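> Structure, please.
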Amino acid sequence: VDLDGTTHLDLGNIANFGYFDKFSFSCWIKPAHIERGTILSRMEDVPEGSGYSIRLTDGKVEVDLVKRWLDDSIRVETRPPVVKANNWTHLAVTYDGTRLAAGIRVFVDGRPVPLKVNLDYINQSFNADDAPLRLGAGHGPQDRYRGQLDDVRIYSRALTAEEASLLSEPNTITEILRTTPATRTLRQTTKLRNWYLAAHAPDAIRAVFEERDKLARERTSFDESIPTVMVMQEQQQRRPTHILKRGEYDLPGEEVSPGVPASIDLSGTPIDDRLALARWLVDERNPLAARVAVNRLWQQLFGTGLVKTSEDFGSQGEQPSHPELLDWLATELIRLDWDVKGLQKLIVTSATYRQASKITPQLLERDPENRLLARGPRVRLSARMLRDQALFVSGLLHEQRHGPSVKPYQPEGLWKEIATTTEYEQSTGTDLYRRSLYTYWKRTVAPPSLALFDAAGREMCVVRSSRTNTPLQALALMNDVTYLEAARALAERTFREATGNTSDRINQAFLLATARLPDHEELKVLSNAHARHHNNYEQHPEEAEMLISHGASKPDPVLNRTDLAAMTVIAAMILNLDEVITKE
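Numbers count the residues shown, from 1 in each chain. Modelled structure (predicted):
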């Protein structure tokens, strides 16, 4: 392609890479001028626009991955000028998806060149959804490329150094074979060897090299699967720390050293680093950490902690309702060597926890908040528990542990409206049905289905969350796609597990959701509702089809649509019973 600076090639909607994607570009260039010129881009065609580009500036190769030019991008350039005017040069650029400038490599004529980092901070993906891939354009009309382009290649992976070197060898296999072995360059020899291994080597030799390549890919895949975590490390030589006079950072006063207040009994053991402080926190001579931990476990199980203000154990907090019990449980946690499951077992098997939550007028008048523990706890399930319970009872829950976050159902367009300019890419397959623990969460924007049921935001630490009861919650439980799909899946489960009549299926759904069978009056109400809805769906089959089509999973094609729709309504009623959404 010969470009004169006024024209460019528009390749359309391809190569829309983002910052988690690996990709590479390769091409031959013969620029008429090296002062400036965008070789390849997928970005807004304006100066310093968002997207990605490879361009020339005074003979240097610049690679820009940009969301915002000044503060949200990766921008690197080759240190010396590496391209000359009117000379053919081979360029290869690779990016490994690490969101770091170190993940970009530039090869000139097959050799890696050092890079100068102009900016190494990117927090949002640089996808340019509305821009095409362009050859010879980007960064506005003043940055059009002038010269020739040839053999442009795009890869959805990061090329190795050897592959970049091979791409820069212009001679074909036939041309290389015409030369004598002594005169061949290293690139030519490598290209010839790879061609021989791929096409003409004995099967045994080819199998060995294929196995080598396979193992290399598996190792790379394994290395990339290992999660990373931010770990603070003590400096070998600590920097001096001073008291700041009047809090002014430029007015250092007396130098101070690490330590704790003298009022803390350390028995002669100095605390001079975080590890020593952590050991002191869990020392049996310091009951505070154990008391706080025990109180939060009690709050999870009973709805309210022994110290009601679980976020405040100081002088402004509330006194414990049962101070001796709190002290004993704290010593038990220490005695159990901080075995949280062991302590939970101790609490839930106690007579106090196993009491019925039924309340009498006398108890309500004497102890409305159950601070005296005369009855069992009764609280609405948390946001996560509500969703997970519906998925579990219906059989949809995918119980895989660990792994990256997933993105379950969310109203279309909501993500862009309240969170970011990026698209919400809903998960597929079993990821849609993983525990709510794994739901993707932006710090300032809680998942709407969880926020509706009082899930705390993450702008700050919230130890004691509220529980409300609103009409919107009832609407969500009856109409949200998650719960409608769960109701249909529960209905399908009853057809599989209860082979008798409608009453048997209702009994099975009720048992799965409440751990008991319905009494006579409850069964009568549910049976009458089933008959009414079944009759309606017989007359309006399109409504039945609409009801059972919610969600990504498909309804069982063997089941009668009318029967399944009617049973879905009953399953939804059962999942919305106060007994099901409330811990009693």
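
> State the phi and psi torsions of Leu40.
Note on Leu40: its backbone torsions stand at phi -150, psi 140 [degrees, to the nearest 10].

> Buried residues, stretch 1-21. List them.
Under the neighbour-count criterion of 16 or more other Cβ atoms under 10 Å, stretch 1-21 has Leu3, Gly5, His8, Ala15, Phe17, Gly18, Tyr19, Asp21 buried. Glycine gets a C-beta too; all of them are placed from N, C-alpha and C.

> Do me a favour and get the end-to-end distance for that stretch?
Start-to-end span of stretch 1-21 (Cα to Cα, to the nearest Å) is 28 Å.

> related to what we said a few turns ago, quick check, nearest of the buried residues of stretch 1-21 to Ser125?
For the buried residues of stretch 1-21, the minimum distance to Ser125 (Cβ to Cβ) is 3.9 Å, reached by Gly18.

> The closest one and Ala128 touch, don't they?
No - assessed by Cβ atoms under 8 Å, Gly18 is found out of contact with Ala128, at 9.6 Å.

> which residue sits closest to Val292, ignoring its sequence neighbours?
Nearest in space to Val292, with sequence neighbours left out and distances taken as Cβ to Cβ, 6 or more residues apart in numbering, is Phe313 at 6.1 Å.

> any idea which helix or strand carries the one you found?
For Phe313, there is no host helix or strand (DSSP states H and E).

> Ok, Arg212 next?
Assigned by DSSP H and E, Arg212 belongs to helix 203-225.

> Same question for Ile334.
Residue-wise, Ile334 maps onto helix 323-335 under DSSP H and E.

> Can you show me the strands along the stretch 101-250 of the chain?
104-108, 111-112, 115-121, 134-135, 146-155, 241-244 (DSSP state E, counting those that start in this stretch).

> who's in contact with the residue lying closest to Arg111 once chain neighbours are set aside?
Nearest residue to Arg111 in three dimensions, chain neighbours excluded: Ser165, at 7.5 Å (Cβ to Cβ, 6+ apart). Counting by Cβ atoms under 8 Å, 6 or more residues apart in numbering, Ser165 touches Phe107, Gly110, Arg111, Arg187, Thr190.

> burial count for the closest residue to the fourth one other than its chain neighbours?
So that's Arg187. Nearest non-adjacent residue to Arg187, counting by Cβ to Cβ, 6+ apart: Glu169, 4.4 Å away. By other Cβ atoms under 10 Å, the residues close to Glu169 number 21.

> what do you get for Leu512?
A total of 19 residues lie near Leu512 under the criterion other Cβ under 10 Å.

> That one against Leu490, yeah?
Yes - at 6.9 Å, Leu512 and Leu490 qualify as touching, with contact defined as Cβ under 8 Å.

> overlap in contacts of these two?
Applying Cβ under 8 Å, 6+ apart, one finds that Leu512 and Leu490 are jointly contacted by Val393.

> Surely Glu485 and His550 touch.
Yes - between Glu485 and His550 a contact is recorded at 5.4 Å, counting by Cβ under 8 Å.

> Turn the strands of the stretch 101-250 of the chain into JSON lines, columns for mean pLDDT, distance to Val462 and mean neighbour count.
Listed next are the strands of the stretch 101-250 of the chain as JSON lines, based on pLDDT from 0 to 100; distance: least, Cβ to Cβ, whole Å; neighbours: other Cβ atoms under 10 Å:
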{"stretch": "strand 104-108", "mean pLDDT": "95", "distance to Val462": "40", "mean neighbour count": "21"}
{"stretch": "strand 111-112", "mean pLDDT": "93", "distance to Val462": "49", "mean neighbour count": "14"}
{"stretch": "strand 115-121", "mean pLDDT": "94", "distance to Val462": "29", "mean neighbour count": "15"}
{"stretch": "strand 134-135", "mean pLDDT": "94", "distance to Val462": "48", "mean neighbour count": "21"}
{"stretch": "strand 146-155", "mean pLDDT": "94", "distance to Val462": "46", "mean neighbour count": "16"}
{"stretch": "strand 241-244", "mean pLDDT": "91", "distance to Val462": "31", "mean neighbour count": "12"}
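
> of all the ones you listed, which lies closest to Phe495?
Proximity to Phe495 (Cβ to Cβ) singles out strand 146-155 among the strands of the stretch 101-250 of the chain, at 49.6 Å.

> pLDDT weak spots in the stretch 101-250 of the chain?
For the stretch 101-250 of the chain, the stretches with pLDDT under 70 are 230-236.

> Might you report the residue contacts of Gln142?
So Gln142 contacts Arg36, Pro47 (Cβ under 8 Å, 6+ apart).

> What distance do you get for it to Val63?
19 Å (Cβ to Cβ, to the nearest Å).

> which residues in the stretch 251-400 of the chain form helices?
Ranges of helices within the stretch 251-400 of the chain are 274-281, 288-302, 323-335, 340-348, 361-366, 383-394, based on DSSP state H, counting those that start in this stretch.

> what's the least confident stretch among those helices?
Per-stretch mean pLDDT for the helices of the stretch 251-400 of the chain is lowest at helix 274-281 (a mean of 79).

> That helix vs helix 288-302, what angle?
Here helix 274-281 points in a direction 70 degrees away from that of helix 288-302 (axes from the mean of the first three to the mean of the last three Cα atoms, to 10 degrees).

> What is helix 274-281 packed up against?
The helices and strands touching helix 274-281, judged by 3 or more Cβ pairs under 8 Å, 6 or more residues apart in numbering; DSSP states H and E, number zero.

> May I see the buried residues of it?
Trp280.

> any chance you could map the helices in the stretch 51-200 of the chain?
Taking DSSP H, counting those that start in this stretch, the helices of the stretch 51-200 of the chain run over residues 161-167, 173-177, 186-199.

> what angle do the last one and helix 203-225 make?
Helix 186-199 runs at 110 degrees relative to helix 203-225, counting by the same axes, to 10 degrees.

> Contacts for helix 186-199 next, please.
For helix 186-199, using Cβ under 8 Å, 6+ apart, the contacting residues are 110, 162, 165-166, 168-169, 171, 173, 176-177, 179, 181, 184, 205-206, 209.

> Which ChimeraX command selects the buried ones in the residues you listed?
In ChimeraX, a selection of the buried entries from the contacts of helix 186-199 looks like this (16+ other Cβ under 10 Å):
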select :110,165,166,168,169,171,176,184
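
> picking up where we left off before, how about exporting the helix holding Ile334 as CSV, limited to the C-alpha atoms?
Provided in CSV are the C-alpha atoms of helix 323-335 (Å, rounded to 0.1, in the frame of the first residue of the first chain):
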residue,chain,number,x,y,z
PRO,A,323,-20.5,-9.6,79.5
GLU,A,324,-19.5,-12.9,81.2
LEU,A,325,-20.7,-14.8,78.1
LEU,A,326,-18.7,-12.5,75.8
ASP,A,327,-15.6,-13.0,78.0
TRP,A,328,-16.0,-16.8,78.1
LEU,A,329,-16.6,-17.1,74.3
ALA,A,330,-13.5,-15.0,73.7
THR,A,331,-11.4,-17.3,75.9
GLU,A,332,-12.9,-20.3,74.1
LEU,A,333,-11.9,-18.9,70.7
ILE,A,334,-8.3,-18.6,72.0
ARG,A,335,-8.5,-22.1,73.5
